[in-house]
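Undergrad: dropping the sequence and predicted coords here.
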Amino acid sequence: MKVLVIGGDGYCGWATSLYLSARGHEVTILDSLARRAWDREHGLDSLVPIASARRRVDEWTRVTRRAVRLETVDATDYEALCRVVAEIAPDAIVHFGQQRSAPFSMIDRDHAVRTHVNNTVGNLNVLWALREYAPDAHLVKLGTMGEYGTPNIDIEEGFLVVEHQGRSDRLPFPKQPGSFYHLTKVSDSDQLFFACRTWGLRATDLNQGIVYGTLTAETAASPALANRYDYDHIFGTVLNRFCVQAALGHPLTIYGQGGQTRGFLDIRDTVRCVEIALEHPAQAGEYRVFNQFTEMFSVAELAERVARVAAGLGLATEIVRLPNPRSEREEHYYNARNTNLRALGLDPTPLGDATIAGLIAIAAAHRERIDVRLIPPRVAWRPPHDAPERAVAS
Ligand SMILES: NC(=O)c1ccc[n+]([C@@H]2O[C@H](COP(=O)([O-])OP(=O)(O)OC[C@H]3O[C@@H](n4cnc5c(N)ncnc54)[C@H](O)[C@@H]3O)[C@@H](O)[C@H]2O)c1
């Protein structure tokens, strides 16, 4: 297949691009390199050093004799995006290319607006470019489990059968996103559904859980192919952050009660899920949603797992609770369905102690690169003077 991977220089996109290339697909990466710029702007850096986009693509060709084409293009630049789509005539577009940090989107108005412009305009452009230049191509779009929030009922895969006043319909699942970033994903989902209904496009919305891990077979093949490992308070995800804290002997910091339960998956399953979606494309006019996670954990459970593995490695690690900078339920019901990808062949990689130990070991090996000032949360969902009751919906 000819696959255009938008956001292919990022964490999930890089691993996926190489995985698909290794399996014989013709991969083009389109990336604005915005994420590298946001890191610089906020004084952040991947814990594991990553090569420049050009250098890592060249290294892939050197190691495997396979070419991955690189287009440094912003998806918000419609003409440039169309040029690439028209030239490549892709069979599929995998769209990872968005601002994906909830804290980033909550820093201030400027960051909320930048997140919305980048994500919403980019997504609209992808849909219009498909309509104009590749109407049969399958769009595989990364959404997030965070679109659903934490409803007091089971979370279905995108749709819910609703009985109302004696009638019944299959409707989009109600969404209660928890940040301005997550709100962009809800808007994207609506746009995708609309474009499929109206223009007959075909799209799969992968509502992904929180990804952990850094190594895949392909990114481990050379240091210049290494993937990013984010641990900072803006882009770091929870398990990676706990492993970095454990490697330093730093307390594992839970926000609030730690009962926040979410779906998680290994980066090695992310790449496989995208492959499965590509191998089983949506029909023309079909918009479908796959919940892309393999296991559910509460934040406190994860901290306990990491502390236990760290203790086994001789690292003394305590768990501390910090005031929660986010507005979210800290104890809640959570049960999300994830059967669609399994039904199509996903064989999940459960979170094992070896994976946690591996992440701690990578963090320990790069400990001189860790800036401890970047670990504690700094972005609050509401200013400290705001009384909590003001945030409760009336
Ligand atoms: N990492 C996770 O745990 C996670 C969880 C759920 C969903 N997702 C989703 O998966 C996707 C990838 O996430 P990630 O962790 O790899 O993020 P990332 O920040 O590592 O990568 C995103 C990439 O997209 C690029 N990009 C951003 N805006 C762009 C634009 N307008 N045009 C072209 N390129 C652009 C960035 O430069 C970056 O290389 C995102 O859409 C994210 O919302 C990620």
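TA: Arrived safely, thanks for sending. Only a predicted model underlies this, so the values are computations on that prediction, with no experimental measurement involved.

Undergrad: what segments of the stretch 1-150 of the chain are strands?
TA: 2-6, 26-30, 69-71, 92-95, 138-144 (DSSP state E, counting those that start in this stretch).

Undergrad: pairing partners for the first one, with directions?
TA: Which is strand 2-6. strand 26-30 (parallel), strand 92-95 (parallel) (DSSP bridges).

Undergrad: tell me which of those sits nearest to the ligand.
TA: Ranking the strands paired with strand 2-6 by proximity to the ligand (CB to the nearest ligand atom) places strand 26-30 first, at 6.1 Å. For glycine as for every other residue, the C-beta is placed from the backbone atoms N, C-alpha and C.

Undergrad: the closest one - what's its average pLDDT?
TA: Taken as a whole, strand 26-30 has an average pLDDT of 99.

Undergrad: show me how far that strand is from its chain's centre.
TA: 19 Å (CA atoms, centre = their mean, to the nearest Å).

Undergrad: pull the contacting residues for Val211.
TA: Residues in contact with Val211, defined by CB atoms under 8 Å, 6 or more residues apart in numbering, are 11-12, 237, 264-267, 270.

Undergrad: redo that, cut-off 7 Å
TA: For Val211, the contact set (CB atoms under 7 Å, 6 or more residues apart in numbering) comprises 12, 237, 265, 267, 270.

Undergrad: quick one: which of these is nearest the ligand?
TA: Among the contacts of Val211, Cys12 lies closest to the ligand (CB to the nearest ligand atom), at 3.6 Å.

Undergrad: just the pLDDT for that closest one.
TA: Here the pLDDT value assigned to Cys12 is 98.

Undergrad: okay but it is in contact with Phe96, surely?
TA: Yes. Cys12 lies in contact with Phe96 (CB atoms under 7 Å); the separation is 5.4 Å.

Undergrad: shared neighbours of the two, anything?
TA: Leu142.

Undergrad: would you map the helices across the stretch 151-300 of the chain?
TA: Counting by DSSP state H, counting those that start in this stretch, the stretch 151-300 of the chain has helices at residues 180-199, 238-248, 267-279, 299-312.

Undergrad: identify the residues contacting the shortest one?
TA: I take that to be helix 238-248. 47, 210, 212, 229-231, 251-253, 299, 302-303, 306, 310, 315, 317, 356, 359-360, 363-364, 367, 370, 372, 375.

Undergrad: in strands, which of the residues you listed appear?
TA: The strands, defined by DSSP state E, take in 210, 212, 252-253 from the contacts of helix 238-248.

Undergrad: ok, and which of the residues you listed reach the ligand?
TA: Ile210 (CB under 6 Å from any ligand atom).

Undergrad: looking at the ones in strands among the contacts of helix 238-248, which is nearest Asn152?
TA: Asn152 lies nearest to Ile210 out of the ones in strands among the contacts of helix 238-248, by CB to CB, at 21.2 Å.

Undergrad: who wins on neighbours among the ones in strands among the contacts of helix 238-248?
TA: Highest neighbour count within the ones in strands among the contacts of helix 238-248: Leu252, with 24 neighbours (other CB atoms under 10 Å).

Undergrad: tell me the contacts of that one?
TA: Taking CB under 7 Å, 6+ apart, we find Leu252 in contact with 242, 245-246, 303, 306-307, 317, 319.

Undergrad: is it possible to get TSV of those that adds distance to Trp381?
TA: Output for those, formatted as TSV (distance: CB to CB, whole Å):
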residue	distance to Trp381
Phe242	21
Gln245	22
Ala246	26
Ala303	21
Val306	25
Ala307	27
Thr317	27
Ile319	22
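
Undergrad: quick check, nearest of those residues to the ligand?
TA: Checking these against the ligand with CB to the nearest ligand atom, the nearest one is Phe242 at 14.1 Å.

Undergrad: quick check: chain neighbours aside, which residue is closest to the closest one?
TA: Counting by CB to CB, 6 or more residues apart in numbering, Phe242 lies nearest to Val306, which is 4.2 Å off, once chain neighbours are set aside.

Undergrad: how about the strands paired with strand 2-6 in TSV, adding distance to Pro323?
TA: Shown next, in TSV, are these (distance: least, CB to CB, whole Å):
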stretch	distance to Pro323
strand 26-30	40
strand 92-95	36
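
Undergrad: adding mean neighbour count and distance to His111, write those strands out as TSV.
TA: Putting those into TSV (neighbours: other CB atoms under 10 Å; distance: least, CB to CB, whole Å) gives the following:
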stretch	mean neighbour count	distance to His111
strand 26-30	25	23
strand 92-95	26	21
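
Undergrad: coming back round to it: may I ask which of the contacts of Leu252 has the most neighbours?
TA: If you rank these by neighbour count (other CB under 10 Å), Phe242 sits at the top with 32 neighbours.

Undergrad: can you pull the poorly scored residue ranges out of this structure?
TA: 385-394 (pLDDT under 70).

Undergrad: count the neighbours of Arg56 for me.
TA: Look at Arg56: counted by other CB under 10 Å, it has 23 neighbours.

Undergrad: measure the residue of the chain most remote from its centre to Thr198 for me?
TA: Most distant from the centre of the chain: Gly166, at 39.2 Å, with distances by CA atoms, centre = their mean. Counting by CB to CB, to the nearest Å, the gap between Gly166 and Thr198 amounts to 30 Å.
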